[in-house]
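K.L.:
Next come a sequence and a model predicted from it.
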Amino acid sequence: MKIIIFGANELGCMIATEFFEDNDITIIGNEEGQTDAFSKLDIAYVVGHGSNINVLDSADIKNTDIFIACTENDEANIVACLTAKQMGRLKTVCFVSKTENVDSLSLVRGSKYKNELFIDYILWPEELLTQEIFRLITVPQAIDVENFANGKARLLEYRIGESSIFLNKKLKDISFPEETLIVGITRDNVLFIPDGETELLLNDKVIFMGSVYSLDILATKFFNDKNRVKNITIIGGGNVGLILAQNLEKIGIKIKIIEKDYKRCEELTENLKSTLVLHGDGTDVELMKNESIEDSDIVVSVTNSDEKNLLCSLLAKQLGVRRVITRVSKNANVHLFEKVGIDVAISENTAAIDVIENHLIKTDIDILATVDMGQGEVIEINFSHDIPNIKLKDLKLPCKAIIAIVQRRNKIIIPNGATQLFFGDNLIIFTLKENSDKIKEYFKRFKP
């Protein structure tokens, strides 16, 4: 697949790094953008602007499958996508960051003008980040949450702490709720699929899949989450802080926002109904003490600076906050933040790249979710085999993978080896990223 990326910046480099091994990548950017990071990749580089017809011709736009505009300038991205769309039969992806452009491009649901635009995918990374943080808040202690099968099934990821009743126990010796499976474990930043002999160690990140009901029982019984989140402090009143607060107000959570810019505080007050807006700095120890930050169930730090988010988060942890969720702009900082004690570090750019991969790159197989920085994938495959009496144990998978959910019409089944498969079943499978193609090829043999 040929992909052109307009934007020789950190996001453009992340996208190129993610996809260059299996695709033909061309970067369009200025001369200053030709950094060592790009030179290490097997990609082409064209100097110029993504809306210039001659530059697009030089990048071979007519034979391009996907055009991605991800500069820091919304207007440049929009014009480049519209120009590229007129020059080739391709899909366009436009990154935006300004609220007014989001509205104009009809990212807001229900706009009657949505189909008038000739841009295929409009990505607002801040909105994707906000959605992910909201899911984490509404499922206490989870560090990742994904829903499947119309909300009837779920993936949850938890970290094994010192007080966990699972610590130093083998999976075969733990009695989990019915309809619950452990499908993956991340240890020292490496994801693997466990077996019954696998022992859970301190700081392991454990991935569960199952029915929503069974995972609710898991959370209540094993992770002591009987008391739901009641109050949250948000540090940073930008777009993410505002939208997150608006969503949390709808479910009755008590919120404080700490924002350094006084004018922005006035805007927040006008747009929020019950949220307490405080003018101040999240790194101010006295302010945090005076506001009894330790009483917050969760502190969410979502300023535009990784360095400030890290300082605010560490201060909150030092003052006794049990759980901290932190925004990370630089992908490389995610593991660093978690290593120094931040409970959950989330990159908005990673969420955006997942959308590109799931909806544009791998279109021949339905990728429902990616986990742990893309190391694992949850894929959906329609089982089109019409020979009767085939059971799960009859499948000889070519590599490690777990069929975690069988969706049969409106019913979900958490299967075992004796589960019988029928024509038309949707199989939701967890596997490592490098094995997803093997799983796809295996199930092609069952096509009618």
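P.N.:
Yep, that arrived. Residues are numbered from 1 along each chain as shown.

K.L.:
Identify the residues contacting stretch 302-319?
P.N.:
Contacts to stretch 302-319, defined as C-beta atoms under 8 Å, 6 or more residues apart in numbering, come from residues 129, 133, 233-236, 238, 240-241, 244, 282-283, 285, 288-289, 293-294, 296, 299, 301, 324, 326-330, 333, 337, 340-342. Quick note: C-beta positions are derived from backbone N, CA and C, even for glycine.

K.L.:
average pLDDT for it?
P.N.:
Averaging pLDDT along stretch 302-319 yields 95.

K.L.:
what do you get for stretch 348-365?
P.N.:
In this model, stretch 348-365 has an average pLDDT of 75.

K.L.:
Ok, stretch 153-160 next?
P.N.:
Per-residue pLDDT values across stretch 153-160 average out to 90.

K.L.:
For the remainder of this discussion, apply numbering that starts at 4.
P.N.:
That works, and once the first residue is 4, the last one we named lands at stretch 156-163.

K.L.:
how about the nearest residue to the residue nearest in space to the middle of the chain, chain neighbours excluded?
P.N.:
Taking C-alpha atoms, centre = their mean as the criterion, Ala354 is the residue nearest the geometric centre of the chain, at 3.9 Å. Spatial nearest neighbour of Ala354, chain neighbours left out: Leu131 (3.9 Å); criterion: C-beta to C-beta, 6 or more residues apart in numbering.

K.L.:
got it, and Val358?
P.N.:
Nearest in space to Val358, with sequence neighbours left out and distances taken as C-beta to C-beta, 6+ apart, is Leu126 at 6.2 Å.

K.L.:
Quick check, the one you found in contact with Cys97.
P.N.:
Yes: here Leu126 reaches Cys97: they are 7.1 Å apart, a contact under C-beta atoms under 8 Å.

K.L.:
who has more neighbours, those two?
P.N.:
Neighbour comparison, Leu126 and Cys97: the larger count goes to Cys97, with 27 against 24 (by other C-beta atoms under 10 Å).

K.L.:
That one bridge partners, please.
P.N.:
With DSSP bridges as the criterion, Cys97 is bridged to Ala72, Ile125.

K.L.:
I figured the residue nearest to Ala354 hits Glu351, correct?
P.N.:
Yes: using C-beta under 8 Å, Leu131 is in contact with Glu351, at 6.1 Å.

K.L.:
When these two are compared, which one has more neighbours?
P.N.:
A direct count of neighbours by other C-beta under 10 Å for Leu131 and Glu351 places Glu351 higher, at 23 against 18.

K.L.:
Quick check: which element contains the residue nearest to Ala354?
P.N.:
helix 128-141 (DSSP states H and E).

K.L.:
Same check on Ser316?
P.N.:
Using DSSP H and E, Ser316 falls in helix 309-321.

K.L.:
With only the CA atoms kept, save that helix in CSV.
P.N.:
Taking C-alpha atoms only, helix 309-321 is exported to CSV below (Å, rounded to 0.1, in the frame of the first residue of the first chain):
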residue,chain,number,x,y,z
ASP,A,309,4.5,16.2,29.1
GLU,A,310,6.9,17.7,31.6
LYS,A,311,4.2,19.6,33.5
ASN,A,312,1.9,16.6,33.5
LEU,A,313,4.6,14.4,35.0
LEU,A,314,5.4,17.0,37.7
CYS,A,315,1.7,17.4,38.6
SER,A,316,1.1,13.7,38.6
LEU,A,317,4.1,12.9,40.8
LEU,A,318,3.0,15.6,43.2
ALA,A,319,-0.5,14.2,43.4
LYS,A,320,0.9,10.8,44.1
GLN,A,321,3.2,12.2,46.8
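
K.L.:
give the contact list for His338.
P.N.:
Asn192.

K.L.:
Model confidence for Leu126, exactly?
P.N.:
89.

K.L.:
So Val409 versus Ile416, what's the distance?
P.N.:
Here the criterion is C-beta to C-beta, to the nearest Å. By it, Val409 lies 4 Å from Ile416.

K.L.:
So between these two, which is more surrounded?
P.N.:
Higher neighbour count among Val409 and Ile416: Val409, with 22 against 16, using other C-beta under 10 Å.

K.L.:
Now do the same for the more buried one: helix, strand or coil?
P.N.:
Classification of Val409 using DSSP: H, G, I helix; E, B strand; the rest coil returns strand.

K.L.:
repeat for Gly164
P.N.:
Applying three-state DSSP: Gly164 is coil.

K.L.:
so what's it up against?
P.N.:
Neighbouring residues of Gly164 by C-beta under 8 Å, 6+ apart: Leu170, Leu205, Asn206.

K.L.:
Asp191 versus Glu165, what's the distance?
P.N.:
17 Å.

K.L.:
helix/strand/coil for Ala355?
P.N.:
helix.

K.L.:
Check whether it really touches Phe98, as I assumed.
P.N.:
Yes: assessed by C-beta under 8 Å, Ala355 is found in contact with Phe98 at 7.1 Å.

K.L.:
Let me know how buried the spatially closest residue to Asn419 that is not a sequence neighbour is, in neighbour terms.
P.N.:
Of all residues not flanking Asn419 in the chain, Leu395 sits nearest, at 6.9 Å (C-beta to C-beta, 6+ apart). Neighbours of Leu395 under the rule other C-beta under 10 Å: 15.

K.L.:
go on, Lys276?
P.N.:
By the criterion of other C-beta under 10 Å, Lys276 has 8 neighbours.

K.L.:
Over to Lys441?
P.N.:
Neighbour tally, Lys441, other C-beta under 10 Å: 15.

K.L.:
buried set for the helix or strand encompassing it?
P.N.:
Using DSSP H and E, Lys441 maps to helix 439-447. Buried positions in helix 439-447, judged by neighbour count with 16 or more other C-beta atoms under 10 Å: Ser439, Ile442, Lys443, Tyr445, Phe446.

K.L.:
Same check on stretch 131-149?
P.N.:
131-133, 135-137, 139-140, 142-149.

K.L.:
gap between the two ends of that stretch?
P.N.:
One end of stretch 131-149 to the other measures 13 Å (C-alpha to C-alpha, to the nearest Å).
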